[in-house]
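> what shape does this take:
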Amino acid sequence: MSPHNSETQYTHGYTNPAFAGISSRTAASHAYFLLPHLKSGDTLLDIGCGPGTITLGLAEAVAPGRASGVDIGEEFIELARDGAESAGVQNVNFATGDALKLDFDDESFDAVFAFALLEHLPEPFDAMKEWKRVLKPGGVVAVGSGAVSRHAYAPDSPWGNVGFYLAVWEQNGGHPEIGLTQPKLLEDAGFSEIEVGGFITSLDALAQVAWAERMREPSFITQAVEGGFATEEEIEDLATEIEAWAKLENSWYLLPWFYGLGKKPAE
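From the prediction side, this is the model:
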């Protein structure tokens, strides 16, 4: 087995299949728990912004304040910039950046947001400390992540056989269960007035097929095979099963998300 990776790697990849579910996320659907804490004129940072669909809604909430989005994937940033231009949103900017080493001064933002990011970072606590650094005193951080063990699907679904995917994810430094420990991370990092909650989304057929396509990515197959987690044939067989399953009327898949908010104590 390969050693646990200490560098940030996005196991889901940056090719088209990775965009299928992410691009449908909005501030109203996936950041609604932060919106009541925002006000006009705030400065906001969306870390791991992906294609920026959530960021644009957050930018609207803080206008005429500014919103910034950063992501390690250049492909995502290009999509985010195109999306902002198409939507005519002018109070937002996007740039590549490392969530563990942000290129911003201390106390630069009134709010920091990160959705589906902590599960991909090798050092989540260090990330929390870094995000606290760029927050102004009294500012709010809001995070949302999943926990794979809480996913639900029909008993006869092939989704119960994706253990090799989780093994690669963990090998890459990820934490597929981190949604359950976010409140403790916030507390340990020194945030106060912590709020917790959650919501459920459903993977439609398109999203399920996209996951199958992710498994077929050459880089993922290489990691799974070299790590001893699965053979190329096993990966292809499961991807084919998932594609067939997604076409059935009973191919339901429920994905729970857990969120946490905390405030940086005012000095």
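
> list phi and psi for residue 101.
phi -140, psi 70 (degrees, to the nearest 10).

> read off the pLDDT value for the closest residue in space to residue 66 that isn't next to it in sequence.
Nearest residue to residue 66, sequence neighbours excluded (Cβ to Cβ, 6 or more residues apart in numbering): residue 91, at 5.2 Å. For the C-beta atoms, the positions are set from N, CA and C on the backbone; glycine is no exception. What the model reports as pLDDT for residue 91 is 98.

> you'd agree residue 91 is up against residue 63?
Yes. Using Cβ atoms under 8 Å as the test, residue 91 is close enough to residue 63 to be in contact (5.1 Å).

> quick one: contacts for the residue nearest to residue 66?
59, 62-67 (Cβ atoms under 8 Å, 6 or more residues apart in numbering).

> can you check residue 187 too?
The neighbours of residue 187, taking Cβ under 8 Å, 6+ apart as the test, are 194, 262.

> mind redoing it with 6 Å?
For residue 187, the contact set (Cβ atoms under 6 Å, 6 or more residues apart in numbering) is empty.

> cool, and residue 176?
119, 148, 166, 169.

> and the residue lying closest to residue 154 once chain neighbours are set aside, what are its phi and psi?
Closest residue to residue 154 apart from its sequence neighbours, by Cβ to Cβ, 6+ apart: residue 250 at 5.7 Å. For residue 250, the backbone dihedrals (degrees, to the nearest 10) come out as phi -100, psi 30.

> how about residue 152?
Main-chain torsions, residue 152, degrees, to the nearest 10: phi -130, psi 140.

> and it, what pLDDT?
pLDDT, residue 152: 95.

> how many residues are close by it?
13 (other Cβ atoms under 10 Å).

> three-state assignment of the closest residue to it other than its chain neighbours?
Nearest non-adjacent residue to residue 152, counting by Cβ to Cβ, 6+ apart: residue 254, 4.4 Å away. Using DSSP: H, G, I helix; E, B strand; the rest coil, the structure places residue 254 in strand.

> let me know the next secondary structure element after the worst-scoring helix or strand of the chain on mean pLDDT.
Counting by mean pLDDT, DSSP states H and E, the chain has its least confident helix or strand at helix 16-22, which shows a mean of 60. Remark: after helix 16-22, the chain's next helix or strand is helix 27-30, criterion DSSP states H and E.

> how far away from the center of its chain is stretch 90-101?
Stretch 90-101 has its C-alpha centroid displaced from the chain centroid by 15 Å (Cα atoms, centre = their mean, to the nearest Å).

> give the contact list for residue 79.
Residues in contact with residue 79, defined by Cβ under 6 Å, 6+ apart, are residue 51.

> sorry, that was for residue 232
221, 225.
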